[in-house]
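Trainee: Sequence first, then the predicted structure:
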Amino acid sequence: MKILIRKKRTKFLSGFRFKNMLGRFSIETKENKIEKIFREVTEKEEIERIFAMAEKAQCVGVALSKDEGNVLPLFAHPSGFGRIAIAWSEKDVVTIPCDLSTDMEFLFAKLSHVAEKVSCFSVCGLKEILPYIKNVKQSSAFDVIVAAYLLNPLKSDYTYEDVAEQYLGIAGGIQAELNVKCCYEAYTAFAAASVLDNKLKEAEMDRLFYEIEMPLVFTLYEMESAGVKVEAEALKLYGDQLGEQIIQLEHQIYEMAGEEFNINSPKQLGEILFEKLNLPYGKKNKSGGYTTDADVLKKLVDYPIVNCILEYRALTKLYSTYIDGMIVLERMVKYILFTHRL
């Protein structure tokens, strides 16, 4: 009975994402057994032996952890990583610490070689590791976060802890140190890959995952890396043209309204439309002003002033987003890089 209550309590807290509260309870879970197999290696010969063993595995889980807690940059590795971890069996989960003396290029090269050899290279967030591990193949890549999202798209975001709890029944080192957390992430990537693969097949979503979602991760990474080349002069010319159109629309709106006012002010606009011009569909909101959103204005498209206002809004939005925003960025870089959230 006590074990049942503990499991229900864990499920309740995890469901509401009260992860910090989970650590306050003494819960007998699979994590206690798993942590016993976690180990740290620092010697180069041992590290090479670890990678040699991992290359022979069918599936490998990998984690790269940023050293976010290090407040002394002089002692942190320039790459920002504090740990890497690799798991290739239920008994083999290894972490390697990274400091100023660590040869990260050597470790990334080893991980890239592993990625080339294994049938399943699994991570929790593939796009984030692609800049460092160059030889990941689309045919063997597995992102457990993307897979979990496909199975439950109603959930807004996933972490490795969510996947570990939901699909492996472990708490995932919620309050653990970085070395333990990194091992949990690598283990989750390894152990959850087969579980999620089966779930995807049961839901008949395996082709969607392997043929669309995984290739899309690589495409988004390439897009982010390449960016978009900005033609500054053409952008400025287009901005000048938009600016002239916006000014012309302002004058037309003022003329039809019979006075100048702040077109961007919902309060002033509502008073002009529904009090001075006495247009229909005037409805006041809780604050006492008139509602002037797009749904209301679209009902009034037969009135010339409303047509001008809708066009004015579209052009000013276009100008602020793509002209003002990009010109500022263009002053700093010739290529603008965009980030796509998966």
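Mentor: Structure's in. What do you need?
Trainee: So which residues lie in contact with the helix or strand encompassing residue 82, not counting its own?
Mentor: Element membership for residue 82 (DSSP states H and E) is strand 81-89. Strand 81-89 has contacts (C-beta atoms under 8 Å, 6 or more residues apart in numbering) with 50-51, 53-54, 57, 59-70, 76, 93-98, 104, 107, 111, 114, 178-179, 182-183, 185-187, 189-191. Just so you know, the C-beta spots here come from the backbone N, C-alpha and C atoms, and that holds for glycine as well.
Trainee: Would you list the buried entries among these?
Mentor: 50-51, 54, 57, 59-65, 67, 76, 93-98, 104, 107, 111, 114, 178-179, 182-183, 185-187, 189-191 (16 or more other C-beta atoms under 10 Å).
Trainee: returning to what we had before: how about residues contacting whichever helix or strand comes after the strand holding residue 82?
Mentor: Sequence order places strand 92-97 as the next helix or strand after strand 81-89, per DSSP H and E. With contacts defined as C-beta under 8 Å, 6+ apart, strand 92-97 is touched by 34, 37-42, 47, 50, 53-54, 82-87, 102, 107, 179, 182-183, 186-187, 190.
Trainee: out of those residues, which are inside strands?
Mentor: Among the contacts of strand 92-97, DSSP state E puts 38-40, 82-87 in strands.
Trainee: Can you pull out the low-pLDDT segments for the stretch 51-200 of the chain?
Mentor: Within the stretch 51-200 of the chain, the segments meeting pLDDT under 70 span 67-79, 172-174.
Trainee: how much space between residue 286 and residue 297?
Mentor: 19 Å (C-beta to C-beta, to the nearest Å).
Trainee: In terms of neighbours, single out the busier of the two.
Mentor: Per other C-beta atoms under 10 Å, whichever of residue 286 and residue 297 has more neighbours is residue 297, with 20 against 5.
Trainee: so which helix or strand takes in that one?
Mentor: Going by DSSP H and E, residue 297 is part of helix 294-298.
Trainee: The helix or strand just after that helix - contacts with which helices or strands?
Mentor: Sequence order places helix 304-318 as the next helix or strand after helix 294-298, per DSSP H and E. Helices and strands touching helix 304-318, by 3 or more C-beta pairs under 8 Å, 6 or more residues apart in numbering; DSSP states H and E, are helix 232-257, helix 294-298.
Trainee: Dump those into a markdown table; add mean pLDDT as well.
Mentor: Listed next are the helices and strands packed on helix 304-318 as a markdown table, based on pLDDT from 0 to 100:
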| stretch | mean pLDDT |
| --- | --- |
| helix 232-257 | 92 |
| helix 294-298 | 92 |
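Trainee: of all those, which lies closest to residue 321?
Mentor: Nearest to residue 321, of all the helices and strands packed on helix 304-318, is helix 232-257, at 11.0 Å by C-beta to C-beta.
Trainee: Could you dump the ones in strands among the contacts of strand 92-97 into CSV with neighbour count and distance to residue 164 added?
Mentor: CSV is the format used below for the ones in strands among the contacts of strand 92-97 (neighbours: other C-beta atoms under 10 Å; distance: C-beta to C-beta, whole Å):
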residue, neighbour count, distance to residue 164
38, 21, 14
39, 13, 19
40, 14, 20
82, 22, 20
83, 23, 17
84, 25, 18
85, 27, 14
86, 30, 17
87, 30, 12
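Trainee: which one of those residues sits closest to residue 241?
Mentor: Residue 241 lies nearest to residue 82 out of the ones in strands among the contacts of strand 92-97, by C-beta to C-beta, at 50.6 Å.
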